[in-house]
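[1] quick one: sequence and predicted model below, then my questions.
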Amino acid sequence: MTMKTIINTAAAFTFAFIVMLSLPAMAGAASSNDAAITTQVRETLGYLGKNIKVKTVDGRVFTQGNMSYAEDANRAEWAARRVPGVQSVNANIGYAINSGGQ
């Protein structure tokens, strides 16, 4: 092995090591942001969200629960989508009564 090969190999290992050390910090930032999004979605839902579970993973919001009216379920999904940082909403919200009078 030449000295240049040894230096290049050492540099590659050093870079890989630094990247590995920074991954938990980056994951923590995403988790922190997800927690903030979840809190903001819950606050935005207000009374609509009393029976709704909210979870956020990488900016994707997952909601689950039941409501009395289809209109309220639609409002809850719409409200979650408007929160800054939300990439998508997977709404699994059931309802008992179709608000259209049908």
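    Structure's in. What do you need? All values reported here derive from a predicted model rather than from experimental measurement. Residues are numbered from 1 along each chain as shown.

[2] ok, how many other residues are close to residue 56?
    Neighbour count of residue 56, defined by other Cβ atoms under 10 Å: 26. In short, each C-beta sits where N, CA and C put it, glycine included.

[3] can I take it that it is in a strand?
    Yes. Checked against DSSP: H, G, I helix; E, B strand; the rest coil, residue 56 lies within a strand.

[4] can you pull the contacts of it?
    Applying Cβ atoms under 8 Å, 6 or more residues apart in numbering, one finds that residue 56 lies in contact with 34, 35, 37, 38, 41, 62, 86.

[5] closest one of those to residue 98?
    Using Cβ to Cβ, residue 62 comes nearest to residue 98 of the contacts of residue 56, at 23.8 Å.

[6] that closest one - that's part of a helix, no?
    No. Applying three-state DSSP, one finds residue 62 to be strand, outside a helix.

[7] surely residue 38 meets residue 53?
    No. Taking Cβ atoms under 8 Å as the definition, residue 38 is not a contact partner of residue 53, at 10.0 Å.

[8] about what we covered before: from the contacts of residue 56, pick the one nearest residue 94.
    Closest to residue 94, out of all of the contacts of residue 56 and judged by Cβ to Cβ, is residue 62, at 14.4 Å.

[9] burial measure for the closest one, as a count.
    Number of residues near residue 62 (other Cβ under 10 Å) recorded here: 16.

[10] report pLDDT for it.
    We have a pLDDT of 95 for residue 62.

[11] okay, and the beta partners of it?
    residue 55, residue 90 (DSSP bridges).
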